[in-house]
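S.K.: below are the sequence and a predicted model for it; my questions follow.
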Amino acid sequence: MRDDELEQAVRLREQGQREEARTILLELAKRHPDDAEVAYQTAWVHDALGLEAEAVPFYERALADKGLDDRLGAFTGLGSTLRVLGRYREALETFTRGLEEFPGDPGLRTFMAMALYNEGRAREAVGSLLKLLAESGQVGGYRRAVEYYAENLDETI
């Protein structure tokens, strides 16, 4: 029953029927308060509805369980949600924890750069994005130069 309801809720969310999905997920979360997957999906639907503050405790509950299948998605979702809520330090802590489990993940690094910018650390944010861009191979023959300037943005002649 839990699996069928969870599958139905995910399908509804994916089809844009978010309120219907939310109703099912909130009921599932009440019946299964320690279920990481239910918590994660409940967080996700709240985010999709623009209810970021309500999403946070569900993300935290999901990440408390090391067995959650999509921990990367949960770290990204929680960190991004915290950033949108203006809770930049908590967002940075979340992204740092995520990067400990998923070193080098480009999504986490990108969202972390946004939080760094929000924290007034623009130089560090741009530097990290330059590193990410250089690693992606999207800078043509300028990889070495871009990597150098990622660390030396203020350098002039």
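M.R.: That came through fine.
S.K.: CA atoms for contacts and neighbours, from now on please.
M.R.: Fine.
S.K.: gap between residue 11 and residue 41?
M.R.: Using C-alpha to C-alpha, to the nearest Å, residue 11 is found at 11 Å from residue 41.
S.K.: contact partners for residue 10?
M.R.: Listed by C-alpha atoms under 8 Å, 6 or more residues apart in numbering, the contact set of residue 10 reads 21, 41.
S.K.: could you number the chain from 793 rather than 1 from now on?
M.R.: With 793 as the first residue, the last one maps to residue 802.
S.K.: which stretches of this protein have low pLDDT?
M.R.: Applying pLDDT under 70 to the chain flags no residue at all.
S.K.: ranges for the helices of it?
M.R.: For the chain, applying DSSP state H gives helices covering 794-806, 810-823, 828-840, 844-855, 863-876, 880-893, 898-910, 914-928, 935-943.
S.K.: surely residue 900 meets residue 887?
M.R.: Yes - between residue 900 and residue 887 there is a contact under C-alpha atoms under 8 Å: 6.1 Å.
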